[in-house]
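Peer 1: below are the sequence and a predicted model for it; my questions follow.
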Amino acid sequence: MHRRQGRVNAGLLLLLYQISQVGLQNIPSVTLAVLVLNVFFFLNPVRPLHEACISVREAFYRQNWQRLLLSPVHHVDDWHLYYNMISMLWKGIMLERKLGSVWFAYIIAVFSVLTGVVYVLLELMLVKILNDPSYEMSCAVGFSGVLFALKVLNNHYNPGRVSSVLGLQISSKYACWAELVAIHFISPGTSFAGHLAGILVGLMYTMGPLKKIMKACAGGFSSFTDPDRPRNYYSGYSGFGGETYNNERRPYGFWFPPEHRSEEEMRRQRLRRFWRQ
């Protein structure tokens with residue numbers, strides 16, 4: 001175990017405050033479990049970050065597949081954890097009441113692994129297309145790939161809404177794509193491929209075969225309810241606001257932000273750093 005010591009985790013304290021404002025009784029069980037799990041692994045990481053992150057080199061070439069499980073629940077710092085978990089809190093309250101707790105837990109488990117797989121495939125494509133082996137070393141940790149996939153689901157199950165992205169009103173149908181670009185510009189050190197992996201997983205579920213495959217695999221378990229059964233989407237607590245992306249509110253992170261340096265210097269340093277998701 002590698003406990004975090006030596007400073008006050010302001011982001012963690014703020015997260016706990018926000019949870020208390022929502023109220024534990026208003027947070028569905030699986031959503032709350034995901035929050036607790038991520039906080040636990042932040043305070044008690046299973047591996048150091050460089051041994052928990054996911055990359056082409058570690059997952060594809062070295063077949064260190066356990067990192068697919070470790071990388072989503074490890075975060076670089078308390079603010080990385082805070083912004084990811086605040087996003088999870090909002091999405092979880094909305095989606096778990098729509099889909100049911102058992103199916104939502106199933107989605108979280110599948111998306112956590114599949115987002116890492118798609119990310120590795122995208123980075124491998126960049127290696128081949130750009131002939132740049134440095135992409136093999138891009139090593140990611142964090143829950144944001146899953147959050148982007150959940151964003152696609154949320155927009156799918158709640159059409160017609162409008163999201164604010166950098167002050168612009170964007171239809172929910174295109175919000176995830178706008179946020180993909182917005183976060184890339186707000187935080188220049190983020191990975192376009194990493195965010196895209198989450199969106200693609202979400203689209204595989206809403207428009208592709210993933211939901212049918214998951215339903216087929218779960219067919220023998222009576223505890224799984226039909227995710228398409230109508231539910232009261234906004235039953236229970238409804239006062240927790242949505243997300244905005246502007247200069248006053250930082251979006252949830254995805255990668256380890258680089259230090260301030262020129263693009264050429266950043267490229268030279270790529271082999272010696274990992275980004276966060």
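Peer 2: Okay, I see it. Values in this document were obtained by computation on a predicted structure and should not be read as measured data. Residues are numbered from 1 along each chain as shown.

Peer 1: residue 145: what's it in contact with?
Peer 2: 72, 111, 115-116, 119, 194-195, 197-198, 201, 254, 277 (CB atoms under 8 Å, 6 or more residues apart in numbering). Just so you know, the C-beta spots here come from the backbone N, C-alpha and C atoms, and that holds for glycine as well.

Peer 1: thought residue 58 was touching residue 119, still the case?
Peer 2: No: taking CB atoms under 8 Å as the definition, residue 119 is not a contact partner of residue 58, at 11.9 Å.

Peer 1: neighbour count: these two, which is higher?
Peer 2: Ranked by neighbour count (other CB atoms under 10 Å), residue 119 and residue 58 place residue 119 first, with 29 against 23.

Peer 1: the spatially closest residue to the more buried one that is not a sequence neighbour: neighbour count?
Peer 2: Once flanking residues are discounted, residue 119 sits nearest to residue 197: 3.9 Å by CB to CB, 6 or more residues apart in numbering. By other CB under 10 Å, the residues close to residue 197 number 29.

Peer 1: equivalent analysis for residue 171, please.
Peer 2: Other residues close to residue 171 by other CB under 10 Å number 13.

Peer 1: isn't it right up against residue 162?
Peer 2: Yes: contact criterion CB under 8 Å: residue 171 and residue 162 qualify, at 6.3 Å.

Peer 1: what's the strand or helix carrying residue 198 packed up against?
Peer 2: Per DSSP states H and E, residue 198 falls inside helix 192-206. Of the remaining helices and strands, those touching helix 192-206 by 3 or more CB pairs under 8 Å, 6 or more residues apart in numbering; DSSP states H and E are helix 101-130, helix 144-157, helix 172-186, helix 210-217.

Peer 1: now residue 110: how far from residue 95?
Peer 2: To residue 95, residue 110 is 14 Å away according to CB to CB, to the nearest Å.

Peer 1: neighbour count for those two, which is higher?
Peer 2: Neighbours were counted for residue 110 and for residue 95 using other CB under 10 Å; residue 95 has more, 25 against 19.

Peer 1: dump the residue contacts of that one.
Peer 2: With CB under 8 Å, 6+ apart, residue 95 has these contacts: 104, 107, 150, 153-154, 157.

Peer 1: element containing residue 11?
Peer 2: With DSSP H and E as criterion, residue 11 is part of helix 10-22.

Peer 1: let me redo that: residue 164
Peer 2: Using DSSP H and E, residue 164 falls in strand 162-165.

Peer 1: strand partners (parallel or antiparallel) of that strand?
Peer 2: Its sheet considered, strand 162-165 pairs with strand 168-171 (antiparallel), strand 244-245 (parallel) by DSSP bridges.

Peer 1: go through those strands and find the least confident stretch.
Peer 2: Comparing mean pLDDT across these, the weakest is strand 244-245, with a mean of 36.

Peer 1: thinking again about what came up before, save the helices and strands packed on helix 192-206 as a markdown table, and put in mean pLDDT too.
Peer 2: Formatted as a markdown table, the helices and strands packed on helix 192-206 follow (pLDDT from 0 to 100):
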| stretch | mean pLDDT |
| --- | --- |
| helix 101-130 | 94 |
| helix 144-157 | 92 |
| helix 172-186 | 81 |
| helix 210-217 | 92 |
